[in-house]
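J.: kindly return the folded structure for what I paste below:
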Amino acid sequence: MKMWFLLLLIYSSTNTEPVQTQSKGKVVLRGGENPCEGHVEIYYNNIAGYVGDKHWNSNSEKVVCRATQCGTPVSSATKNVPRLMNRTVWLNELQCSGDENDLWDCGGYPAPGVSFYQKPTVKMIKCSEQVEINLVPSLCQGAAHYLKAVSRQTGYFCKDNWGDKDREMAEQLCRSLGCGGFKEIPKLEEMTEKDFRGSAKTAVDCAGIAPVSNLWQCIRKNAKCRDPVVVTCEDHETVRLQGSRTNVCSGQLLAEENGEWKPVKENTSISNNFCRMMHCGDIKNHTYADHNLHLTCTDTVKVVLLRNNRETKCFGSVHVNVNGVNKPVCGTKWTRENSETVCKELNCGKPISWSLQSNGSGPGIMDSVKCTIHDSLLWHCKAKHSMNLFCKEVPDIICSGSVKFRLADGPGKCAGRLEVHHGGEWKRVAKSGWDEKYSDNICQRLNCGETTADNHPEKFFQGSGNFVSVKCDQNQPDISECVKSEQYTRNEEAVGITCKNHEVVFLDGSEPCSGGVGIRQNNNTFWLSGSNETWNSEAAQTVCKQMHCGNLIKFYSRPSAEDMTDMTFRAYRCSGNHASLLDCDKVELPDHNETIAQVECSGNVKHLSV
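T.: So this is what the prediction gives:
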């Protein structure tokens, strides 16, 4: 016995120098229902061992709960549990004051593994907290997030020190959530949750801890970091709503299955997770139609295009309206596929141009957007979602649905200088690169027949403003998709077109702004019926306005001359809002009326002969 005591004393004396910091490992709790209860284990030189219970008391338990970030001890829950007799007891004879941050800081113990401990049991304790770990925004994909159920403290696990070596931990995390095994690490920009920046964060490092049964066992301390741990599990489902463009957070729920979108059936359990996965808030209500699930989430979301902070139709900077507030979409890594999705979603055709403009609308709501040809709604494309993204540039799109054509400054709507409504303003079309085969298309779009085959086309006023080009590829059947912004010299000439259905309103009288109202089309002359069923002050005022002759003084009708029996008449019904008589509704001629409409206007201008 004396020899045994002497050997123990010699061993102890050679190991009582301070324990190296890098040798001291974590305190963990194992064998409980959550990481805040279980028997106490501690790591030394990356090897797990027990903590003996000699001198064990409530102060020891306070330190354990503090070291594991699990709150305070539940005194009535402490009990003895069996231990493996062949495993080392690293610490024993601890004398803690209760204020220490770690069991290694307590006094009383000799060198690690020295204290003689023969009891077949160790203490199992329970701390006050219950830590719940989940992924957000989706049940089986997202940022690793924790909730302390008692204190209601929440936060995220930092990505620092997380890498390929932690795939086993990711596997365990996925399986603990009932999400199958680990599938992949998704792109951070698609996963960072909107409240991450302002939330608590904790460092995580599972190195030297084995086995890991809960990610909470790997926490180190509160930390500052840019990115959270993100995981995609095998059972992750991608869902979206198919419904109204005015609210992409309401409609029939679809789930992706083998690359196809299929309706979610009525026997599916309803969870707020569906709406959260789509960044749509929580479930507001649900219904069933034809055995398929329809959801309405609490958020109302739609894509809008803005110009000068006003909503525009089919052109403008891309924004998302969430519950009535417009937030810009950031332009990082913006692609043509993204633009195509926006134009398609707004029923605006195809994108004819897009550019990145400086953001003047405040924090963004989406960034790093990545749409595919299978996406029909921008909000459901892969992207980074947050309410306060730093947004340097915003994509500005012009869709083909915003493009309009007109023939300006001509003697009628079917002849004149070709102009295109592009990006919210009328622009001239450059003659350089213009193909005359496009002229027929323009005439037909304007309901003006085909273009004339005149070898001596009329010259029209060149006008002012910017130029665009129109150049179509073989895969562009719609001329609206062919408009391009280009730089031109001052000497560029504008395209002019005269269509076969070109008509001119003229006044047959002694003065330029008075006389009988006639219409000339090609070599034919028509006279406006003077019937009181159609010829009224609205129609007469429209004629004065069209002829640039000021305001209406009077209108009347006169019978046609006896020698003009072969005259041809027309009748139009005007509302007073038309810019041209030819824009009014063409109607059948009133019966038994062969009078010619007469007008007298206040102006006095000289008109070019036609």
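
J.: how close does the spatially most central residue of the chain sit to V322?
T.: Per C-alpha atoms, centre = their mean, the C-alpha nearest to the average position across the chain is that of W379, at 3.7 Å. Separation of W379 from V322 (C-beta to C-beta, to the nearest Å): 9 Å. Placement of C-beta: from N, CA and C, glycine included.

J.: shared neighbours of these two, which are they?
T.: Both W379 and V322 are in contact with V301, where contact means C-beta atoms under 8 Å, 6 or more residues apart in numbering.

J.: so the residue nearest to the centre of the chain, which state does it fall into?
T.: helix (DSSP: H, G, I helix; E, B strand; the rest coil).

J.: skipping its backbone neighbours, what lies nearest it in space?
T.: Spatially, and ignoring its direct neighbours in sequence, W379 is nearest to V248 (4.7 Å; C-beta to C-beta, 6 or more residues apart in numbering).

J.: residue contacts, that neighbour?
T.: Contact partners of V248, counting by C-beta under 8 Å, 6+ apart, are 241, 280, 301-303, 377, 379-380.

J.: tell me if I am right that it is in a strand.
T.: No. Looking at V248 with three-state DSSP, it is coil, so not inside a strand.

J.: if I look at it, how far off is Q69?
T.: 40 Å.

J.: now the end-to-end length of stretch 578-589.
T.: From its first residue to its last, stretch 578-589 covers 20 Å (C-alpha to C-alpha, to the nearest Å).

J.: in it, what's buried?
T.: Using 16 or more other C-beta atoms under 10 Å as the test for burial, stretch 578-589 gives 578, 580-582, 584.

J.: identify the residue nearest K313 in space, chain neighbours excluded?
T.: S402 (6.2 Å).

J.: same deal with S439?
T.: T451 (3.9 Å).

J.: which parts of this protein are helices?
T.: For the chain, the helices defined by DSSP state H cover 2-13, 58-67, 167-176, 188-191, 273-277, 336-345, 437-445, 537-546.

J.: identify the bridge partners of G496.
T.: R417 (DSSP bridges).

J.: hmm, it is touching D409, no?
T.: No. G496 is beyond contact range of D409, at 9.3 Å (criterion: C-beta atoms under 8 Å).

J.: need the residues touching each of these two.
T.: Common neighbours of G496 and D409 (criterion: C-beta under 8 Å, 6+ apart): 416-417, 460.

J.: nearest to E184 among these?
T.: E184 has its nearest neighbour among the shared contacts of G496 and D409 in R417, at 57.4 Å by C-beta to C-beta.

J.: ok, that closest one - contacts?
T.: Counted by C-beta under 8 Å, 6+ apart, R417 has contacts 407-410, 428, 460-463, 494-496.

J.: any chance of those residues in a markdown table, with pLDDT and neighbour count too?
T.: As requested, the contacts of R417 are arranged in a markdown table below (pLDDT from 0 to 100; neighbours: other C-beta atoms under 10 Å):
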| residue | pLDDT | neighbour count |
| --- | --- | --- |
| L407 | 91 | 24 |
| A408 | 88 | 16 |
| D409 | 84 | 14 |
| G410 | 80 | 21 |
| R428 | 92 | 22 |
| F460 | 81 | 20 |
| F461 | 82 | 12 |
| Q462 | 86 | 12 |
| G463 | 84 | 14 |
| A494 | 90 | 23 |
| V495 | 92 | 24 |
| G496 | 91 | 22 |
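
J.: now the residues you listed in JSON lines, with distance to V231?
T.: Supplementary listing: the contacts of R417 in JSON lines, determined by distance: C-beta to C-beta, whole Å:
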{"residue": "L407", "distance to V231": "60"}
{"residue": "A408", "distance to V231": "60"}
{"residue": "D409", "distance to V231": "64"}
{"residue": "G410", "distance to V231": "65"}
{"residue": "R428", "distance to V231": "56"}
{"residue": "F460", "distance to V231": "65"}
{"residue": "F461", "distance to V231": "66"}
{"residue": "Q462", "distance to V231": "63"}
{"residue": "G463", "distance to V231": "60"}
{"residue": "A494", "distance to V231": "59"}
{"residue": "V495", "distance to V231": "58"}
{"residue": "G496", "distance to V231": "63"}
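
J.: list the contacts for A200?
T.: Neighbours of A200 in contact, by C-beta under 8 Å, 6+ apart: 153-156, 222.

J.: and it, what are its bridge partners?
T.: On the basis of DSSP bridges, A200 is bridged to G155.

J.: so S23 makes contact with I42?
T.: No. Contact criterion C-beta under 8 Å: S23 and I42 do not qualify, at 11.3 Å.

J.: who has more neighbours, those two?
T.: I42 (23 against 13; other C-beta atoms under 10 Å).

J.: what's the nearest residue to C275 if we skip its chain neighbours?
T.: C297 (3.8 Å).

J.: with D227 instead?
T.: With C-beta to C-beta, 6+ apart, the residue lying closest to D227 is K159, at 4.3 Å.

J.: same check on K586?
T.: Closest to K586 by C-beta to C-beta, 6+ apart is Y572, at 5.7 Å.

J.: so what's the one you found up against?
T.: Counted by C-beta under 8 Å, 6+ apart, Y572 has contacts 528, 534, 539, 581-582, 584-587.

J.: one more time with 10 Å
T.: Contacts here follow C-beta atoms under 10 Å, 6 or more residues apart in numbering; on that basis Y572 touches 517, 519, 528-529, 534-535, 539, 542-543, 578, 580-587, 597.

J.: kindly report the same for E234.
T.: 140, 171, 174-175, 179-184.

J.: residue contacts, the residue nearest to it when sequence neighbours are not counted?
T.: Nearest residue to E234, sequence neighbours excluded (C-beta to C-beta, 6+ apart): G180, at 3.5 Å. Residues counted as contacts of G180 (C-beta under 10 Å, 6+ apart) are 140, 171, 174, 233-236.

J.: can you redo those as JSON lines, where the extra columns are pLDDT?
T.: Listed next are the contacts of G180 as JSON lines, based on pLDDT from 0 to 100:
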{"residue": "C140", "pLDDT": "86"}
{"residue": "E171", "pLDDT": "86"}
{"residue": "C174", "pLDDT": "89"}
{"residue": "C233", "pLDDT": "91"}
{"residue": "E234", "pLDDT": "87"}
{"residue": "D235", "pLDDT": "83"}
{"residue": "H236", "pLDDT": "84"}
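
J.: buried subset of those residues as a PyMOL selection?
T.: Selection of the buried residues among the contacts of G180 in PyMOL, burial being defined by 16+ other C-beta under 10 Å:
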select buried, resi 140+171+174+233+235+236
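
J.: quick check: neighbours shared by S23 and I42?
T.: With contacts defined as C-beta under 10 Å, 6+ apart, the residues shared by S23 and I42 are 104, 112.

J.: so G32 touches E129, yeah?
T.: No. Counting by C-beta atoms under 10 Å, G32 stays clear of E129, with 11.8 Å between them.

J.: for these two, indicate the residue with more neighbours.
T.: For G32 versus E129, neighbours defined as other C-beta under 10 Å are more numerous around E129 (24 against 17).

J.: can you give me the strands for the stretch 151-300 of the chain?
T.: Ranges of strands in the stretch 151-300 of the chain, per DSSP state E, counting those that start in this stretch, are 154-157, 182-184, 200-204, 219-222, 230-233, 239-243, 250-257, 260-263, 283-289, 292-297.

J.: for the helices of the chain, which one sits closest to V28?
T.: Across the helices of the chain, closest to V28 is helix 58-67 (C-beta to C-beta), at 9.1 Å.

J.: where does pLDDT dip in the stretch 151-300 of the chain?
T.: 161-166, 188-195, 267-269, 271 (pLDDT under 70).

J.: circling back to that earlier point, okay if I get the shared contacts of G496 and D409 as JSON lines plus distance to K54?
T.: Converted to JSON lines, the shared contacts of G496 and D409 look like this (distance: C-beta to C-beta, whole Å):
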{"residue": "G416", "distance to K54": "102"}
{"residue": "R417", "distance to K54": "100"}
{"residue": "F460", "distance to K54": "105"}
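
J.: from these, pick the one nearest V483.
T.: R417 (15.7 Å).

J.: and the closest one, how far from F461?
T.: Counting by C-beta to C-beta, the gap from R417 to F461 is 7 Å.

J.: many thanks, have a good one.
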